[in-house]
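1. Give the three-dimensional model of this entry:
(chains A and B, ligands or ions: 2)
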Amino acid sequence: MRTSDMKNSDFTAKPRNTIAPIDRLIWHYENPDAEAMAAAAGNVPVVGVTSNTAPWELIRAAGAFPCVINSGNPNYPDIGTFMEEGVFEERIRAIFGAAISGDLQHLSLLLIPRTSEQEYKLYLYLREVARQDPTRRIPPLYLYDMLHTRSPESYSYGLERTLCLKERLEELTGKRIDDAALLYAVRESNSARKAIRKLLSLRNPVPRVTGTEALTLIGASFFISRDEYAHLAGQAVEMIEGRAPVAGKRVMIAGSPLNHRGLHHALEKHGAVVVAEDDWWGSRSAGMDIADGSDDLLKAIFEKYYLDAPSPRVFPFEIADAWFQEESTHGIDGVVFYLPPEDCVVGWDYPRRRRFLDERRIPHLLMREDAGSISEECHEQIERFVNNICIR
Amino acid sequence: MAEKQLHCTLAAGEHQKAWFAQLRKDVFEKQRPYAIIQADMPFELFHVMEVPVVSNQYWAAIISAKRLSGYYLDALNSMGFHEGLCRYCSLAAASTLANDPEHAPWGGLPKPALLSARLTCDCLQRVFAIWAEAFGSECLFIDNPGAADLPPRWWEFSRYHWRELFEEHRLKFTVTQFQNLIEALERVTGRQFQIDRLRDLMERVNRQEEYFEEALQMICSAPRTPVRMHEQVANVMAAQWKRGSDWAVEHARTFRDEIRNRVRQGVAACPGERLRLMWVGAGIWHDTDFYTAFEEEFGAVFVWSMYLAFGPDGYIRYGLDDPLLALASRTVSMNEQLHNPPWANEWIVHQAKLHRIDAALVLTPMGTRPAATGNRFIERALEQAGIPVLPVVADMVDARDWDPDAMRLKVSEFLRHRVLPHLNSARRHS
Ligand code: SF4
Ligand code: SF4
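-> Ligands and ions are numbered 1, 2, ... in the order given. Model (predicted):
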């Protein structure tokens, strides 16, 4: 979410049910805190999570309201007192800024999964700021330390950590997480996943929705109840199905996760249609369902996040690259690699993935600018790239 | 190259060089297996299994000191790896990818049997996997559990109470990772791991670090430091890379003895010492003269870096009934202890006070950005303890953006305009 999008978030201004589902989803994407604030105002404990590898279903089954934190001002003046310039992603800076300035005090818990090393550092930093200055209204913190390497030891470690998280959530809400609650939460989140997969099917091979719009509609799922989301997204899908195909070169974005629409918008302005992104905010947000028939639901939930959630820590390369390789060879005319200036991770994957595309003659473009403020020169580059793509 | 005042510094350098020449010979002529590993790995397991190791950071420092970093990093960039990627951990890999042994220091790294790293960041598995592929060697990773519980003043617990200091589940997990590594080493060598040998080695490491601790205490208490920082580093690291070996323990003892003699004889590294400086971060390996450049004009001597100080506090482990668990506790939190809040800032302030530090230079390595985390906390903590700080934005191995004159000028101005007035006013008030 761009800061400018956030300024006027006021949950009382939420569009009423009668308004078209697409507008309501857009509104939620642009007002990511609104439902969480409303839940907190209604005395429902709110658990904020900083990214995608936190088990939503456990939080829900504990009777709390789970939501991804996507607000905050990356330029909040006090951030520089603690965070090194150019080291953290904008989004992590923004979350840090929101936490130390008291903007997350409606949370009963800020759950930080170890999706990336930056999030681990975020945990350590916030913990220390809270220790040094108890007057700051930083919410209680929890590190969910699931590892992402594929080994039996990492698996066991992650499962054990998930059990500890369950206990912490039970303690937080005072509600025991039983199988019935887990099953309910699993079914609810699966229904949202199903709706997202339906939306994704309308992007490729025949796009009926722009990438900018798709990212928005999918992104709303992080901020509202998944029941409500499934319902709204289902309606949105029905409306979109009837649309004429969107013309344009079908482009996929790979690289650093994009929590805003800047790059999609820029590409689509120049004649592309973004049909996929290798990113948990977009095409990879839903993944597969959690097996609701499992006789060990907790394990099934853990496995979903361990085995089916993208993270820069997933290793080895064969597994980390599998989605990219599969998607880029299906109905994609070109790929944009997004490596913002602060990147020091995905850049290691770039030559290997570029080679993969070259071998298949799939055109690609490297973008090193921050997608939040794209220069004229970069716009020209994008335009040239899109123009030169031959539709496959 | 900065002046060497201690005999043992020369001995350490010669030993390293001879050791490497022997390694190349053993590897090329006798096909003996060796390993390339990250600096924060459990070297002890390799030593017990008699697999020689070259540390990634050590090799990067050698390349850098030979002024070859620009050449290799340019080569890396020309392969499509962008300039913003970490340089410290990738420079040695770049020297392999460049595939140009003519240029390489001492003939370059031969093919290792194994590469191995702890996953302390999101890029290391990438660097090491790419590197291993270039060599055609096996690569093994030790995953790194995060710390959620970090009690204050870790160094007061690390020797005797390490079981309580580090969360049990982290230690247990790390042991499983070590067991995988042991299996790999058994496979590579055809030898069987013996736990008693590890216990003996760990005991010798304790002894080695105790010698370092005595050296450190003399540096703290002598009126002027008997040994400059860069010579501490050269001696300590030569021994730490081979910790627990007879040579390393003996070298630590010699280092201690030489310092003791110098203190007894009243010999100071810089007789005109007036200011005691602290260097926070890895060394600027391409310009070690930098560390003596402020002695003449200001009497400013670099007295402290993490390399010597971390030995005793970070490595000593008493109570070795389960040596593998003790080793896990030595390894599992190095990153938190050296770089991240609350442990790094607390420890560095504690060290600054022990060493009577007047001012600190804190390296923010822009070419190794995630390694820069925790720096603001360190800087703030030092300033709050009354120690003026100069942040230094530079890279430890890449000289391409380093302007030696400008940096010297910047430090001189800091000393002249911030440190000296601060000290004068403090003295007036005492
Ligand atoms: S810079 Fe820090 S993390 Fe990197 S090897 Fe050195 S001590 Fe370890
Ligand atoms: S982040 Fe740190 S450990 Fe990782 S590659 Fe960079 S310097 Fe090395």
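
2. What helix or strand is the closest residue to ligand 1 within the stretch 251-392 of chain A located in?
-> Closest approach between the stretch 251-392 of chain A and ligand 1, counting by Cβ to the nearest ligand atom: A:C344, at 13.5 Å. Every C-beta, even on glycine, is put in place using the N, C-alpha and C of the backbone. If you go by DSSP states H and E, A:C344 is not part of any helix or strand.

3. Pull up the per-residue confidence for it.
-> At A:C344 the predicted local distance difference test score is 90.

4. Let me see the contact set for it.
-> Going by Cβ atoms under 8 Å, 6 or more residues apart in numbering or on different chains, A:C344 touches B:84-86, B:123, B:369-370.

5. now it: how far from ligand 2?
-> Noted for A:C344: a distance of 7 Å to ligand 2, by Cβ to the nearest ligand atom, to the nearest Å.

6. what about that residue, distance to B:L73?
-> In this structure, A:C344 and B:L73 are 14 Å apart, going by Cβ to Cβ, to the nearest Å.

7. so how many other residues sit close to whatever residue of the stretch 51-200 of chain A ends up closest to ligand 1?
-> Nearest residue of the stretch 51-200 of chain A to ligand 1: A:E117, at 11.6 Å (Cβ to the nearest ligand atom). Other residues near A:E117 number 22, with proximity taken as other Cβ atoms under 10 Å in any protein chain shown.

8. residues in contact with it?
-> Residues in contact with A:E117 (Cβ under 8 Å, 6+ apart) are A:312-313, B:120-122, B:370.

9. ok, now how distant is the residue positioned nearest the centre of chain A from chain B?
-> Nearest to the geometric centre of chain A sits A:W281, at 3.4 Å (Cα atoms, centre = their mean). Using Cβ to the nearest Cβ, to the nearest Å, A:W281 is found at 18 Å from chain B.

10. Let me know the pLDDT of that residue.
-> A:W281 is assigned 97 on the pLDDT scale.

11. That one reaches A:L258, doesn't it?
-> Yes - shown here, A:W281 and A:L258 form a contact pair, counting by Cβ atoms under 8 Å, at 5.9 Å.

12. Mutual contacts of those two, please.
-> With Cβ under 8 Å, 6+ apart as the test, A:W281 and A:L258 both reach A:L215.

13. Could you report the separation of the one residue in the stretch 301-430 of chain B that gets nearest to chain A from B:Q217?
-> Closest contact between the stretch 301-430 of chain B and chain A, by Cβ to the nearest Cβ, is at B:P341 (3.7 Å). Going from B:P341 to B:Q217 by Cβ to Cβ gives 27 Å.

14. Show me the shaky parts of the stretch 1-150 of chain B.
-> B:1-2 (pLDDT under 70).

15. Any residues of it in contact with ligand 1? List them.
-> Residues of the stretch 1-150 of chain B found near ligand 1 (Cβ under 6 Å from any ligand atom) are B:39-40, B:57.

16. helices and strands around the helix or strand encompassing A:L58, which ones?
-> Per DSSP H and E: A:L58 is located in helix A:56-61. Counting by 3 or more Cβ pairs under 8 Å, 6 or more residues apart in numbering or on different chains; DSSP states H and E, the packing neighbours recorded for helix A:56-61 are strand A:46-49, strand A:65-68, helix A:152-173, helix A:179-201, helix A:297-307.
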